[in-house]
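Visitor: below is the sequence, then the predicted model.
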Amino acid sequence: MKKLLFLAIFSSLVFLSNAQSDDARIIIDIPSSQKPWNHINWNDSESQFQFAIVTDRTGGHRPGVFPMGIKKLNLLQPEFVMSVGDLIEGYTEDDARLNAEWKEFMGFIDSLQAPFFYVPGNHDITNAVMAEKWKELFGVSYYHFVYKDILFLCLNSEDNHRGAGRGTIDDEQFEYIEKTLQENSEVKHTMVFMHQPLWVQEDTKRWKDVEALLANRPHYVFAGHYHRYWKTNRNQGNYIALATTGGGSPLRGRAYGEFDHVVWVTMTEQGPILANLFLDGIWDENVVTNELVDLVRNKPFPVKIEPIYIEASNQENIKTTIKIINNGDNQMKVVLKGLINRSLHYELEKDDILVEPNDVQEVTLNIHNINHKALNDLQPIQVDAEITYVFEHKPDVSFSDRLHYLPFPKNTIQSSKIKLDGNLKDWKDSKWTAVTDRSGSPFNYKGSDDFSMQFATSYDQSNLYLAIKIKDDEIYTNENGSYWSQDALLIGLDPRSEHI
């Protein structure tokens, strides 16, 4: 008798228990006529199941991607995993090298918790030596199985050892396919797996005959090889070439079909439902931990442009330093990218920096004011900084920010004895700066008689002093309202090194 799950909900309490029963049921005790759910048509068909598909690992493999994919499959817990070939680099008759490459790959599969079904690609079988090695390791190069009334047909598109772009199905394999389809004519669905998408190739021997056999039954065909994803509706079925799970790729994104992914397939009574899961979008419960929050959110952004003060506001050549601080216990990679500025030309001493744990790196930033414009007439430099913390036993963490920077005009703050009495007579010899930005919404500025503002600064050994002169022909106050809904003066002291 099957072990089934009972769910009982009483008010806000949930009780879970295992019990023996022939029928799954739910007991819900909610007194109101309205219910806190949309419906209770449970998605619990006994014939429904989930499996995953991995695609090309090799053909210019990128180390670490496929093992990461295996770890993420373990998070998903599929019932089993299918493949479409190109599992090793191959293309050799060197037995020792083949042994080493297969040992490496099977080591990856050892960590997979679900069953894994092998399908050969041109990197796995290209000559008689490689074909014999496959037979030694896996017995057969094409086979089938039926699971919950679904036929899984695993084919060998390399049975003539012709290599990339020249896949085949020969007579012997065709006879096997024909017999298998005849013996399983009543299955709900047929799922075909092979490496090369033979439906877009020429001189494929018996492949067109295979398609003719598939035409009158619900079917999907999955392949890999070209490292680009595309789906075609043909032959009354769905034919899909998959992208990569670590194979060589420019990774230009979804529009080009170039990405690392696994396919998550849910078999339903109506047929398969496919979800392409990008590897960088699958994370475990530790996607953000307190450690990461402390490292990234609770610390200043690790890249800052040091402030520089210039006396001539239209100075031509300016040099400053970008300081990169790694307060973590792991290596930090930094990539700097400058955006175009029409008036300020600038160059970074270097733009790809590796900072060791608890270390500091400095990069020189040279700025050229080519038109000798005044600072007030310039737009800030913009530098994008992408940070990646490199972790050994978990995925790297990346984040970024855009730095805005302009040099500061050099202003001298005078030292003087100031009396805090609301009288500005102590400030008669001070240097006053006029506020010229009079924008706002709603705001109707009608000239200096309407509104004007100046400020001056001073200091002594203990304090920084700020004096402000404001002229406003009409003061609006509301004691019961917030300061932003009436006339008010806000003073902000900005400690950041960016001048924005």
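Guide: Received it, and whenever you're ready, just let me know what you need.
Visitor: quick one, longest helix in the protein?
Guide: In the chain, assigned by DSSP state H, the helix with the most residues is helix 95-110.
Visitor: isn't residue 350 right next to residue 365, touching?
Guide: No. Contact criterion CB atoms under 8 Å: residue 350 and residue 365 do not qualify, at 10.7 Å. Placement of C-beta: from N, CA and C, glycine included.
Visitor: avg pLDDT for whichever helix or strand residue 275 is part of?
Guide: Using DSSP states H and E, residue 275 sits in strand 271-278. Across strand 271-278, pLDDT averages out at 96.
Visitor: before we move on, the earlier item: so residue 350 and residue 365 - more neighbours on which side?
Guide: Set side by side, residue 350 and residue 365 show more neighbours around residue 365, with 22 against 11, by other CB atoms under 10 Å.
Visitor: residue 72 belongs to a helix?
Guide: Yes. Assessed with DSSP: H, G, I helix; E, B strand; the rest coil, residue 72 lies in a helix.
Visitor: now do the contacts for it.
Guide: Counting by CB atoms under 8 Å, 6 or more residues apart in numbering, residue 72 makes contact with 262, 277, 279, 282.
Visitor: hmm, back to that, next, the buried residues of the longest helix of the chain.
Guide: Within helix 95-110, the residues that count as buried by 16 or more other CB atoms under 10 Å are 98, 101-102, 105, 108-109.
Visitor: can you pull out the strands in the stretch 151-300 of the chain?
Guide: 189-193, 219-223, 230-234, 237-241, 261-268, 271-278 (DSSP state E, counting those that start in this stretch).
Visitor: quick check: angle from the last one to strand 219-223?
Guide: Same thing as strand 271-278. 20 degrees (axes from the mean of the first three to the mean of the last three CA atoms, to 10 degrees).
Visitor: for residue 466, pull up the helix or strand it's in.
Guide: Using DSSP H and E, residue 466 maps to strand 464-472.
Visitor: just the residues contacting that strand, thanks.
Guide: Around strand 464-472, the neighbours that count as contacts under CB under 8 Å, 6+ apart are 413, 418, 424, 427, 430, 432, 448-459, 487, 489, 491.
Visitor: still on that earlier bit, out of the strands of the stretch 151-300 of the chain, which one sits most buried?
Guide: Compared across the strands of the stretch 151-300 of the chain, strand 219-223 shows the largest average neighbour count, a mean of 24 (mean count of other CB atoms under 10 Å).
Visitor: so which other helices or strands are in contact with it?
Guide: Packing partners of strand 219-223 (3 or more CB pairs under 8 Å, 6 or more residues apart in numbering; DSSP states H and E): strand 189-193, strand 237-241.
Visitor: dump those to a markdown table, plus distance to residue 223.
Guide: Output for those, formatted as a markdown table (distance: least, CB to CB, whole Å):
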| stretch | distance to residue 223 |
| --- | --- |
| strand 189-193 | 8 |
| strand 237-241 | 5 |
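Visitor: and those: which comes nearest residue 181?
Guide: When the helices and strands packed on strand 219-223 are compared by CB to CB, strand 189-193 sits nearest residue 181, at 7.4 Å.
Visitor: partners of the closest one, with directions?
Guide: Applying DSSP bridges, strand 189-193 is found paired with strand 150-154 (parallel), strand 219-223 (parallel).
Visitor: make JSON lines out of those strands and add distance to residue 355 and mean pLDDT.
Guide: Putting the strands paired with strand 189-193 into JSON lines (distance: least, CB to CB, whole Å; pLDDT from 0 to 100) gives the following:
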{"stretch": "strand 150-154", "distance to residue 355": "48", "mean pLDDT": "99"}
{"stretch": "strand 219-223", "distance to residue 355": "43", "mean pLDDT": "98"}
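Visitor: tell me, how many residues neighbour the nearest residue to residue 316 once chain neighbours are set aside?
Guide: Nearest residue to residue 316, sequence neighbours excluded (CB to CB, 6 or more residues apart in numbering): residue 369, at 5.1 Å. Each residue near residue 369 was counted by other CB under 10 Å, and the total is 22.
Visitor: pretty sure residue 369 sits against residue 377.
Guide: No. Between residue 369 and residue 377 there is no contact under CB under 8 Å: 10.1 Å.
Visitor: picking that back up, for the contacts of residue 72, which one is nearest residue 70?
Guide: Looking across the contacts of residue 72 and measuring by CB to CB, the closest to residue 70 is residue 262, at 9.6 Å.
Visitor: how about that closest one, what does it touch?
Guide: Applying CB under 8 Å, 6+ apart to residue 262 gives the contacts 52-55, 69, 72-73, 76, 245, 277, 279.
Visitor: what's the answer for residue 450, then?
Guide: By CB under 8 Å, 6+ apart, the contact set of residue 450 is 472-473.
Visitor: what about it, distance to residue 438?
Guide: With distances taken as CB to CB, to the nearest Å, residue 450 is found 9 Å from residue 438.
Visitor: just residue 423 next, same as before
Guide: Note on residue 423: its distance to residue 438, by CB to CB, is 26 Å.
Visitor: which of these two has more neighbours?
Guide: Shown here are residue 423 and residue 438; by other CB under 10 Å, residue 438 has more neighbours (12 against 8).
Visitor: my read: the more buried one touches residue 445, true?
Guide: Yes. Counting by CB under 8 Å, residue 438 touches residue 445, with 4.8 Å between them.
Visitor: intersection of neighbour lists for those two?
Guide: Joint contacts of residue 438 and residue 445 (CB under 8 Å, 6+ apart) are residue 451.
Visitor: return stretch 250-262 as CSV; C-alpha atoms alone will do.
Guide: The C-alpha coordinates for stretch 250-262 follow below in CSV (Å, rounded to 0.1, in the frame of the first residue of the first chain):
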residue,chain,number,x,y,z
PRO,A,250,29.9,33.4,-26.9
LEU,A,251,27.0,33.5,-24.5
ARG,A,252,25.4,36.4,-26.3
GLY,A,253,22.0,35.7,-24.6
ARG,A,254,18.5,34.6,-25.4
ALA,A,255,18.1,36.4,-28.7
TYR,A,256,21.0,34.4,-30.1
GLY,A,257,20.0,31.2,-28.3
GLU,A,258,23.4,31.2,-26.6
PHE,A,259,23.2,30.5,-22.9
ASP,A,260,24.0,27.7,-20.3
HIS,A,261,20.9,25.9,-19.3
VAL,A,262,19.1,22.7,-18.4
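Visitor: ok now that stretch, how far from the chain's centre?
Guide: 12 Å (CA atoms, centre = their mean, to the nearest Å).
Visitor: what's the closest non-adjacent residue to residue 237?
Guide: Counting by CB to CB, 6+ apart, the residue nearest residue 237 is residue 219, at 4.3 Å.
Visitor: pretty sure the one you found contacts residue 192?
Guide: Yes. The pair residue 219 / residue 192 is scored as a contact, 6.4 Å apart, by CB under 8 Å.
Visitor: so is the residue of the chain positioned farthest from its centre in a helix, a strand, or just coil?
Guide: For the chain, the residue at maximal distance from the C-alpha centroid (CA atoms, centre = their mean) is residue 425, at 60.9 Å. Classification of residue 425 by three-state DSSP places it in helix.
Visitor: below-threshold pLDDT in the stretch 1-150 of the chain: ranges please.
Guide: Residues of the stretch 1-150 of the chain meeting the criterion pLDDT under 70: 1-24.
Visitor: how about the closest residue to residue 74 other than its chain neighbours, what does it touch?
Guide: The shortest distance from residue 74 to any residue other than its chain neighbours is 5.1 Å, reached at residue 113 (CB to CB, 6+ apart). Going by CB under 8 Å, 6+ apart, residue 113 touches 73-74, 77.
Visitor: now with 10 Å, please.
Guide: 70, 73-75, 77-78, 81 (CB atoms under 10 Å, 6 or more residues apart in numbering).
Visitor: let's see if you can find the most crowded of those residues.
Guide: That'd be residue 73 among those, by other CB under 10 Å, with 24 neighbours.
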